[in-house]
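> I would like to see how this sequence folds:
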Amino acid sequence: MTLILGIDPGSQKTGFGIINQQGSRAEYVTSGIIRLPRESLPARLKIIFDNVSEIIAEYAPQEFAIEEVFMARDPKAAIKLGQARGAAIVAAVNADLPVFEYAAKSIKQAVVGTGAADKAQVQHMVKSLLKLPTVPPEDAADALAVALCHAHTHQSMIKLAGARTSRRGRAR
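Below is the predicted model of the structure:
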């Protein structure tokens, strides 16, 4: 059993989602959105840090996965996004969690099957994969998709490691 905290960072809204990975099966634990007030950026970064720290303290995840910064049309927006990511990552590192980072395209590929999926497709697949009664809000769904991407990547690495040791006939 591995609890994975996924984060979809943003300077206005930051999504979070926690799943419980048991072998190749993932179960929904919780998700939500950290809504940030129209305050200064440093004040919003503190809110992200404090909220992610509280989520970590309450649920005690073993792993932390976050979406990488993508280059938006607006460089200022990309910088703010990077700072929001940094606040969340520092909360994870302070809790001694390993941090895993995934590109948006990789997350969509892992969850939907195509790196060009739109938000509605991600929401639908997250609902389906986690057997949720309703479609989660966009930012929460994105955070759950980050966690699912990490779970799938981690599971694939375990399978690859097992294939290598069985081909060689011995464990390393």
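> least trustworthy helix or strand in this protein by mean pLDDT?
Within the chain, no helix or strand scores below helix 138-168, which has a mean of 75 by mean pLDDT, DSSP states H and E.
> now the strands for the protein?
Along the chain, the stretches classed as strands by DSSP state E are 2-8, 13-22, 25-35, 63-67, 99-102.
> how about those, which one is nearest residue 86?
strand 63-67 (10.0 Å; C-beta to C-beta). (Glycine included, C-beta is placed from N, CA and C.)
> so for stretch 41-53, what gets flagged as buried?
44-45, 47-49, 51-53 (16 or more other C-beta atoms under 10 Å).
> check contacts around the nearest residue to residue 116 once chain neighbours are set aside.
Excluding the flanking residues, the one nearest residue 116 by C-beta to C-beta, 6 or more residues apart in numbering is residue 108, at 7.1 Å. Contact analysis of residue 108 by C-beta atoms under 8 Å, 6 or more residues apart in numbering lists 114-117, 121-122, 145.
> rerun that using 10 Å as the cut-off
102, 114-119, 121-122, 125, 142, 145, 149 (C-beta atoms under 10 Å, 6 or more residues apart in numbering).
> residue 125 too?
108, 110-113, 117, 141, 144-145, 148.
> what do you get for residue 39?
Per C-beta under 10 Å, 6+ apart, neighbours of residue 39: 46-47.
> so it versus residue 126, what's the distance?
Here residue 39 is placed at a distance of 30 Å from residue 126 (C-beta to C-beta, to the nearest Å).
> coming back round to it: please produce CSV containing the strands of the chain, extended by mean neighbour count, mean pLDDT and distance to residue 92.
Putting the strands of the chain into CSV (neighbours: other C-beta atoms under 10 Å; pLDDT from 0 to 100; distance: least, C-beta to C-beta, whole Å) gives the following:
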stretch, mean neighbour count, mean pLDDT, distance to residue 92
strand 2-8, 25, 97, 8
strand 13-22, 23, 96, 11
strand 25-35, 17, 96, 14
strand 63-67, 25, 97, 4
strand 99-102, 17, 96, 5
